[in-house]
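Colleague: give me coordinates for this.
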Amino acid sequence: MKIKPRCLSAGILFADVGCAPIDHAPVPGELVQTERVELSLGGCASNVSINLARLEAPTGLCGCVGDDAFSDYILSSLANPLVDVSGVRRVSNSSPGCSLIVNVKGEDRRFISTTGANAQLTIEDFPKDWTEQADILYIGGFLMLPGIETPETVEYLKAFQARGGKTILDVVLYGDRNYWSALKPLMPYVDYFMPNDDEGREITGLTDPVEQAKFFVDAGAKTCVITCGANGTVYYSDTDKFRADIFKTEFIGGTGSGDAFDAGFIAALLDNCDPYEAMKRASAQGMSCVRHSSATESVFTKSELNAFLEGRQLQYEQL
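Modeller: Numbers count the residues shown, from 1 in each chain. From the prediction side, this is the model:
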C-alpha cells in the first residue's frame, strides 16, 4: 500500500524461529522440552516498522528478502495499512535473514543467525520519494549490512540532515572485526545513535555506558541513547545527560525489546516530545515487548501505551 511515510525504516529483515523459555540450555546430545517453537517476524527494520504502525505512525520499509517461503512469511507479517513495503527488494535464489533464538529462563536470549539477503541492501534501494518526504530516517542492523558500509551512505545521511530530517542509527554486531572503523565516518551525521551497553562495550572497549555515550557524542553523534537492560537507559547529548529507570513487568523474553524501545522513541520524536517524555514512552514500549518470547507479539498499540502511562512516572537521575 502506498502511503506518505513519516519514518523511513531501513535495514535488516528477519524470520525468527524461537522457543518458549526452557529451564536450561541443552548440553551436547541433550533434548530439552519446550512448550512451543514458533516462527515470528524479526529484524530491526521490520520490527520497528510494524511497531510504529501500532503507534499509528506511517512508515516506509526498505530492505531485502529472498524468494523462499521464509521471505513470503516476512512480507505477509508486515501487511499493515500503515507500512509501505514497496521499498523491500526480493533477491532471486536467496533466503532472508534468519535467526534461531534459544530462550532460557532467567538468562538473556541466545542467537544463531545468518544475514541472508540483507547483505544485498545498498543505498540505491532507498526510495527517492521517501528520502524527500520522511521526517526521520532509521537504519537498524548496521554492521550486518555490508552493502551500505560505504561512502555513499555517509553522503546520504549528510543530505538527509541537510534538508531537515533526523537520522537514527542502531547496530547489530556481526562477525569478528573492527566495528568502529565502519561507524566512525557516520557519527557526525547521526542525530541519535542507539546501541545497547553490550554493543557499546564491544565497539569502544569501555565498560561504563555513560563513558560509552560520551565517546560517541565526542565522535560527532548529536545524541547517544544506550539501553542497559534492567539497569535502565542512558541519554547523553550536549544539553541533556541523564539515566532513566525502567518500567517493570514479568520477563518472558528480550527479543525485539530494543526495537520496540526505538519505535517508541521515534514516535515520540514525531510528536515533538522532549527527551524525558520520549524516554518514558520508549521505555514503556520496550517493557511491553518482553512479555512475550517473540519480537513484536505483545508490543503496545497507541491506545494501550496511553492507558499504561496514565498516572505513571518514570524515574530519572541527572548525570
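
Colleague: drop to CA atoms for contacts and neighbour counts, all remaining ones
Modeller: Will do.

Colleague: now the helices for this protein?
Modeller: Per DSSP state H, the chain carries helices over the ranges 44-54, 69-77, 128-133, 151-162, 179-183, 197-204, 209-218, 257-270, 275-289, 302-309.

Colleague: helices and strands around the second one, which ones?
Modeller: Contact here means 3 or more C-alpha pairs under 8 Å, 6 or more residues apart in numbering; DSSP states H and E; on that basis helix 69-77 packs against strand 14-19.

Colleague: which stretches of the stretch 1-150 of the chain form strands?
Modeller: 7-11, 14-19, 37-42, 59-65, 83-90, 97-102, 110-114, 136-142 (DSSP state E, counting those that start in this stretch).

Colleague: could I get those strands as CSV with mean neighbour count, mean pLDDT and distance to residue 214?
Modeller: Formatted as CSV, those follow (neighbours: other C-alpha atoms under 10 Å; pLDDT from 0 to 100; distance: least, C-alpha to C-alpha, whole Å):
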stretch, mean neighbour count, mean pLDDT, distance to residue 214
strand 7-11, 29, 98, 25
strand 14-19, 24, 92, 31
strand 37-42, 19, 92, 30
strand 59-65, 28, 98, 30
strand 83-90, 20, 96, 35
strand 97-102, 22, 91, 32
strand 110-114, 15, 90, 29
strand 136-142, 24, 98, 20
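
Colleague: out of the ones you listed, which gets nearest to residue 298?
Modeller: Counting by C-alpha to C-alpha, residue 298 lies closest to strand 37-42 out of the strands of the stretch 1-150 of the chain; the figure is 12.1 Å.

Colleague: just checking: what are the partner strands of the closest one?
Modeller: strand 14-19 (antiparallel) (DSSP bridges).

Colleague: quick one: the partner strand to helix 69-77, angle?
Modeller: 100 degrees (axes from the mean of the first three to the mean of the last three C-alpha atoms, to 10 degrees).

Colleague: just the residues contacting strand 14-19, thanks.
Modeller: With contacts defined as C-alpha atoms under 8 Å, 6 or more residues apart in numbering, strand 14-19 is touched by 34-43, 46, 70-71, 73-74, 96-103, 293-294.

Colleague: ok, for residue 213, nearest residue in space, not its chain neighbours?
Modeller: residue 224 (5.4 Å; C-alpha to C-alpha, 6 or more residues apart in numbering).

Colleague: quick one: residues contacting that neighbour.
Modeller: Counting by C-alpha under 8 Å, 6+ apart, the residues that residue 224 touches are 192, 193, 194, 213, 214, 216, 217, 234, 235, 236, 237.

Colleague: please redo it, this time with the cut-off set to 10 Å
Modeller: 168-169, 190-195, 210, 212-217, 234-237, 241 (C-alpha atoms under 10 Å, 6 or more residues apart in numbering).

Colleague: circling back to that earlier point, nearest to residue 8, of the helices of the chain?
Modeller: helix 128-133 (6.6 Å).

Colleague: can you pull out the residues in contact with that closest one?
Modeller: 3-9, 59-62, 87, 136-137, 156, 159-160, 163-165.

Colleague: tabulate the CA atom coordinates of it in PDB.
Modeller: Presented in PDB, the C-alpha positions along helix 128-133 are these (Å, rounded to 0.1, in the frame of the first residue of the first chain):
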ATOM      1  CA  LYS A 128      14.000   8.700  -3.500                       C
ATOM      2  CA  ASP A 129      10.400   9.900  -2.800                       C
ATOM      3  CA  TRP A 130      10.700   8.600   0.800                       C
ATOM      4  CA  THR A 131      14.000  10.300   1.200                       C
ATOM      5  CA  GLU A 132      12.400  13.600   0.400                       C
ATOM      6  CA  GLN A 133       9.200  13.000   2.400                       C
END
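
Colleague: list the buried residues in it.
Modeller: 130, 131 (16 or more other C-alpha atoms under 10 Å).

Colleague: just how off-centre is that helix within its chain?
Modeller: 21 Å (C-alpha atoms, centre = their mean, to the nearest Å).

Colleague: ditto for stretch 201-213
Modeller: With C-alpha atoms, centre = their mean, you get 19 Å for stretch 201-213.

Colleague: what do you get for stretch 48-64?
Modeller: For stretch 48-64, the distance to the chain centre is 11 Å (C-alpha atoms, centre = their mean).

Colleague: can you check stretch 120-127 too?
Modeller: 18 Å.

Colleague: end to end, how far does it reach?
Modeller: With C-alpha to C-alpha, to the nearest Å as the measure, stretch 120-127 spans 15 Å from end to end.
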